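Colleague: Sequence plus predicted model, see below.
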Amino acid sequence: MHSRPYAGAGGRDAAGRLHPVLLLTAALLAAFLPAGCEYYGADNGGRDKEPETVTGVWDGTGSYRHNGVAITKFHLDLVQNGNAVSGSYSIKRAVRGEMNGALSGSVSGNRIDLKMHSHGYADGTWSGNSMTLHWTESGFGGPDWEGSRDGTVNLTR
């Protein structure tokens, strides 16, 4: 009768040593599976994980509250670092020129506050790939009108 050195339970020989194939398999799994990997399949209702920062390119439209004039382009290119936000903007209104510039601001939870340097400020909320802002315009260089210079814009990324 032949001796089978690795015939014992759990792939061990008589001396309790693991079979070399089991050792190799364990080493390969440890090397190629990242520690703490997350799974977003069926345990998450089949949805992908939503973004955790506002970083990205956001585009939207809206209108002024006072007179309903269209805000035909509201473009933000945002970078979030901790709670701080920086980036650039481009805003176009019906029958007016385009406003461009740098911005800075902050986020706290789903709240965002932005200062559009030379053209006002905006605040609002964001969730995943949607954002709603209340924008108050300043420094537009156009004729005066009575009433507020603020509006609402809805953006997506």
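Modeller: Good, I have the coordinates. Quick caveat: nothing in here was measured; it's all calculated off a predicted structure.

Colleague: mind listing the strands for this structure?
Modeller: 56-64, 70-81, 84-93, 98-108, 111-116, 120-127, 130-136, 150-156 (DSSP state E).

Colleague: mind putting the ones you listed in TSV, mean neighbour count included?
Modeller: Glycine gets a C-beta too; all of them are placed from N, C-alpha and C. Shown next, in TSV, are those (neighbours: other Cβ atoms under 10 Å):
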stretch	mean neighbour count
strand 56-64	17
strand 70-81	17
strand 84-93	18
strand 98-108	15
strand 111-116	19
strand 120-127	17
strand 130-136	18
strand 150-156	18
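
Colleague: Make TSV from the ones you listed and add mean pLDDT and distance to residue 20 to it.
Modeller: What follows is those, written out as TSV (pLDDT from 0 to 100; distance: least, Cβ to Cβ, whole Å):
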stretch	mean pLDDT	distance to residue 20
strand 56-64	95	49
strand 70-81	96	49
strand 84-93	95	53
strand 98-108	95	53
strand 111-116	96	57
strand 120-127	95	52
strand 130-136	95	54
strand 150-156	94	55
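
Colleague: Nearest spatial neighbour of residue 152, chain-adjacent residues omitted?
Modeller: residue 62 (5.0 Å; Cβ to Cβ, 6 or more residues apart in numbering).

Colleague: can you tell me the distance between the two ends of stretch 56-74?
Modeller: Its start and end residues considered, stretch 56-74 measures 14 Å (Cα to Cα, to the nearest Å).

Colleague: 59 is where my numbering starts, stick with that
Modeller: Will do, 59 is the new start, and the previous item becomes stretch 114-132.

Colleague: List the contacts of residue 190.
Modeller: By Cβ atoms under 8 Å, 6 or more residues apart in numbering, the contact list for residue 190 reads 182-184, 210-213.

Colleague: how's this protein carved up into domains?
Modeller: 67-95, 114-214 (automatic domain parsing).
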